[in-house]
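Trainee: Structure, please.
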Amino acid sequence: QVQLQESGPGLMKPSQTLSLTCTVSGDSITTNYYYWNWIRQPPGKGLEWMGAIAYSGSTDSSPSLKSRASISRDTSKNQFTLHLSSVSPEDTAVYYCARAWGLAALDYWGKGTLVTVSS
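Mentor: Numbers count the residues shown, from 1 in each chain. You can find the predicted model right below:
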């Protein structure tokens, strides 16, 4: 059974850099053709895809984030991490990590973690 677990700070101040880590069990983040994604949902709004890191280590992020987002990984710990710079209250959301096979639908999700940005 594949499990994903998000971890990180629940409260941030504006202009800080958010780092959220997803720990994966039951699969390796280097398994061929799987992509490891970050998605968020602001209060009262829909899901927003933020970016992903591939099994190969290549990354992609949403243009809407204007280069504020990057994703790294630690294969020794089977973890991948979202970094989001210059956070503002608009970045308040529940953040999820999830797995997808290639361009297929996301099949396993973490439970999500709420991040609040407030001064």
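Trainee: center of the chain, which residue is that?
Mentor: Trp38 (2.7 Å; C-alpha atoms, centre = their mean).
Trainee: Check the gap between that residue and Ser85 for me.
Mentor: When C-beta to C-beta, to the nearest Å is the yardstick, Trp38 and Ser85 sit 14 Å from each other. Just so you know, the C-beta spots here come from the backbone N, C-alpha and C atoms, and that holds for glycine as well.
Trainee: Let me see the contact set for Ala98.
Mentor: Applying C-beta atoms under 8 Å, 6 or more residues apart in numbering to Ala98 gives the contacts Leu4, Trp36, Asn37, Trp38, Ile39, Leu106, Asp107, Tyr108, Trp109, Gly110.
Trainee: just Trp36 next, same as before
Mentor: Contact partners of Trp36, counting by C-beta under 8 Å, 6+ apart, are Cys22, Val24, Ile29, Ala52, Ile53, Ala54, Ile71, Arg73, Phe80, Cys97, Ala98, Arg99.
Trainee: mind checking the backbone torsions on it?
Mentor: Reported as degrees, to the nearest 10, the phi and psi values for Trp36 are phi -120, psi 120.
Trainee: okay, it: pLDDT?
Mentor: Note on Trp36: pLDDT of 97.
Trainee: Check the gap between it and Gln79 for me.
Mentor: Counting by C-beta to C-beta, the gap from Trp36 to Gln79 is 10 Å.
Trainee: residues shared between the contacts of these two?
Mentor: Cys22, Val24, Ile29, Arg73.
Trainee: Please look at Gly26 and Tyr34 and confirm they touch.
Mentor: No: look at Gly26 against Tyr34 with C-beta atoms under 8 Å: they stay out of range, at 11.8 Å.
Trainee: Between those two, tell me which one has more neighbours.
Mentor: Looking at Gly26 and Tyr34 with other C-beta atoms under 10 Å, you find the greater number of neighbours at Tyr34, namely 23 against 11.
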